[in-house]
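Participant: Here is my input, please return the structure:
(one chain, ligands or ions: 2)
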Amino acid sequence: MTVAEPRALFIDHAGVLGGAELSLLDVAGAFGARAEVVLLADGPFRAALEARGITVSVLPLGALQQVKKSTRLPSPAALADTIRVARRVAKHVNTHTVLCANSQKAFVVALAAGLIARRPVVWYLRDILAPPHFSRTNITAAVTLANLRAARIIANSHATADAFVAAGGSKALVRVVHNGIDPAPFDAIDDRAAAAAREQLGIPAHDYLVAMFGRFHEWKGQQVLLDALAGLPDVHALIVGAPLFGEEAFESALKAQASRLGLDGRVHFLGFRSDVPLLMRAADVVVHASVYPEPFGRVIVEGMLAGRPVIAARAGGVIEIVDDGDTGVLVPPGDASALARAIGALRSDPAGAAAMAERGRIHARRSFSLQAMVRGVSDALAGLE
Ligand code: UDP
Ligand code: GLC
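Facilitator: Ligands and ions are numbered 1, 2, ... in the order given. Model prediction:
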């Protein structure tokens with residue numbers, strides 16, 4: 001599908017392929033020639049956008065790159081960098097009717113660029129603006145700027161929208177647009193391909209296999225799955241993903257934890273993969289275990305589209321995706337014993353697990369379509385002054 005109007009200049013601070021970037025890839029892809037993307041860092045995201053025929057420019061950050069979500073106040077150098085990059089972004093604005101920032105850092109740059117180029121600025125908010133995700137100072141600064149200058153906030157879930165409003169954000173600005181995911185790559189996988197993938201990974205056909213997908217970060221909860229596995233002696237796990245934003249120490253800690261728990265040989269660290277639909281289909285269960293509230297959680301919808309039962313942590317946007325006991329299983333965040341019990345229960349009831357997976361698959365196709373997301377974003381970016 002393509003979109004006629006508005007014409008958008010999307011801005012993202014990341015060059016890596018996180019969920020926010022994969023979602024923007026689909027939105028910008030649907031906008032086609034009516035979208036252009038500015039990245040504030042180079043990386044594989046640029047090639048992925050270019051492969052879809054989307055015009056991309058990379059304008060790297062300097063000192064602003066160093067500002068973390070936990071930073072109390074940005075340095076004068078970071079502020080100067082914001083102005084420098086914003087001037088360059090403003091030069092890219094021609095027939096675009098709106099600037100749309102895909103991350104908090106990009107929002108700050110977009111606000112300054114919007115002032116220079118006299119265009120409305122929309123923040124596509126994909127984060128829960130609450131501690132421990134962000135420092136209080138960071139939240140106050142972002143919400144104040146949003147209330148003063150944002151033409152609209154697109155929130156990726158009601159949980160994200162509610163956190164914005166709870167932090168003082170104006171409710172009138174917010175529209176909720178859930179992520180939509182294309183089912184086609186999931187539909188393209190058949191049982192033979194899944195079985196072959198499993199064999200290639202060295203997982204015996206009769207062994208139970210759970211899989212978790214996501215960047216390496218303490219809040220994504222890979223450590224919780226490892227603890228759960230310690231109590232499930234004959235279950236294998238695929239841990240798929242990589243440290244995307246400098247969490248290499250966490251990756252080493254996870255590998256050490258797996259060895260300490262005696263899980264070597266049962267836990268397979270696969271790194272970042274671009275064949276997620278195949279790996280999900282190769283597994284018996286898809287696990288999500290975020291320890292802090294997940295803003296949305298694409299991996300949950302993807303697990304459903306792969307026709308696999310999903311176990312997810314009951315917090316944030318997850319509750320808007322999974323109906324516990326019907327379209328998936330919800331467990332308390334950070335509770336390894338509850339996760340182990342949920343895995344055990346699905347394993348002991350294959351017919352029930354398959355029926356749940358099928359209900360999840362139908363629900364994901366209906367409720368999280370690409371078309372609905374693109375329409376929602378397009379509407380939210382239209383008619384702004
Ligand atoms: N993903 C991927 N390869 C990997 C691990 C994850 O392509 O090795 C994708 C995954 O399929 C999903 C996204 O990364 O689409 C993660 O999005 P999610 O919303 O679950 O979490 P985020 O990283 O955005 O917080
Ligand atoms: C962010 C969030 C994730 C969400 C994704 C797409 O990266 O962490 O929960 O699914 O954006 O909106």
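
Participant: Please report the residue range of the longest helix in the protein.
Facilitator: In the chain, with assignment by DSSP state H, the single longest helix is helix 350-367.

Participant: now the very next helix or strand once past that one against helix 350-367, angle please.
Facilitator: Note on helix 350-367: by DSSP states H and E, the next helix or strand toward the C-terminus is helix 370-381. For helix 370-381 against helix 350-367, the angle by axes from the mean of the first three to the mean of the last three CA atoms, to 10 degrees is 40 degrees.

Participant: buried set for helix 370-381?
Facilitator: Of the residues in helix 370-381, Leu370, Met373, Val374, Arg375, Gly376, Val377, Ser378, Ala380, Leu381 count as buried by neighbour count, 16 or more other CB atoms under 10 Å. Yep, even glycine has a C-beta here, placed from its N, CA and C like the rest.

Participant: which helices and strands sit right next to that helix?
Facilitator: helix 19-31, strand 98-101, strand 121-125, strand 152-155, strand 174-176 (3 or more CB pairs under 8 Å, 6 or more residues apart in numbering; DSSP states H and E).

Participant: So which of the ones you listed is nearest ligand 1?
Facilitator: In this view, the helices and strands packed on helix 370-381 are compared for proximity to ligand 1 by CB to the nearest ligand atom, and helix 19-31 is the closest at 2.0 Å.

Participant: Run the contact check for stretch 126-136 versus ligand 1.
Facilitator: No. Stretch 126-136 stays clear of ligand 1 (CB under 6 Å from any ligand atom), getting no nearer than 7.1 Å.

Participant: which residues sit against that stretch?
Facilitator: Residues outside stretch 126-136 that contact it (CB atoms under 8 Å, 6 or more residues apart in numbering) are 19-20, 23, 69-72, 102-104, 139, 142-143, 156, 159-160, 163-164, 166-167, 169, 219, 292-293, 295-296, 316.

Participant: so which residue of the stretch 201-350 of the chain comes closest to ligand 2?
Facilitator: Relative to ligand 2, the nearest point of the stretch 201-350 of the chain is Phe296 (3.2 Å; CB to the nearest ligand atom).

Participant: Just to check, that residue is in contact with Gly19?
Facilitator: Yes. Proximity of Phe296 to Gly19 meets the contact threshold set by CB atoms under 8 Å, at 7.4 Å.

Participant: Between those two, tell me which one has more neighbours.
Facilitator: Phe296 (26 against 20; other CB atoms under 10 Å).

Participant: The more buried one looks like it's in a strand, true?
Facilitator: No. The assignment for Phe296, made by DSSP: H, G, I helix; E, B strand; the rest coil, is coil rather than a strand.

Participant: Name the nearest residue to whatever residue of the stretch 151-300 of the chain ends up closest to ligand 1, ignoring sequence neighbours.
Facilitator: Ligand 1 sits closest to Arg298 of the stretch 151-300 of the chain, with a gap of 3.4 Å, by CB to the nearest ligand atom. Spatial nearest neighbour of Arg298, chain neighbours left out: Gly19 (4.7 Å); criterion: CB to CB, 6 or more residues apart in numbering.

Participant: Run through the residues that contact the one you found.
Facilitator: Contacts for Gly19 (CB under 8 Å, 6+ apart) come out as Arg126, Asn179, Phe296, Arg298, Val299.

Participant: does stretch 43-63 come close to ligand 1?
Facilitator: No. Under the criterion of CB under 6 Å from any ligand atom, ligand 1 is not reached by stretch 43-63; the shortest gap measures 10.1 Å.

Participant: what number of residues lie near the residue nearest to Arg34 when sequence neighbours are not counted?
Facilitator: If you skip the residues right next to it in sequence, Arg34 has Arg7 as its closest partner in space, 4.7 Å away by CB to CB, 6+ apart. Neighbourhood size, Arg7 [other CB under 10 Å]: 18.

Participant: Torsion angles phi and psi at Arg7?
Facilitator: phi -100, psi 120 (degrees, to the nearest 10).

Participant: contacting residues for it?
Facilitator: Arg34, Ala35, Thr95, His96, Thr97, Val98.

Participant: Can you check the pLDDT for the third one?
Facilitator: Model confidence at Thr95, expressed as pLDDT, equals 90.

Participant: quick revisit: I'd like the helices and strands packed on helix 370-381 written out as TSV, with distance to ligand 2 and mean pLDDT added.
Facilitator: TSV is the format used below for those (distance: least, CB to the nearest ligand atom, whole Å; pLDDT from 0 to 100):
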stretch	distance to ligand 2	mean pLDDT
helix 19-31	3	97
strand 98-101	13	98
strand 121-125	8	98
strand 152-155	9	98
strand 174-176	11	98
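
Participant: With distance to Tyr208 added, can I get those in CSV?
Facilitator: Shown next, in CSV, are the helices and strands packed on helix 370-381 (distance: least, CB to CB, whole Å):
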stretch, distance to Tyr208
helix 19-31, 27
strand 98-101, 43
strand 121-125, 38
strand 152-155, 37
strand 174-176, 37
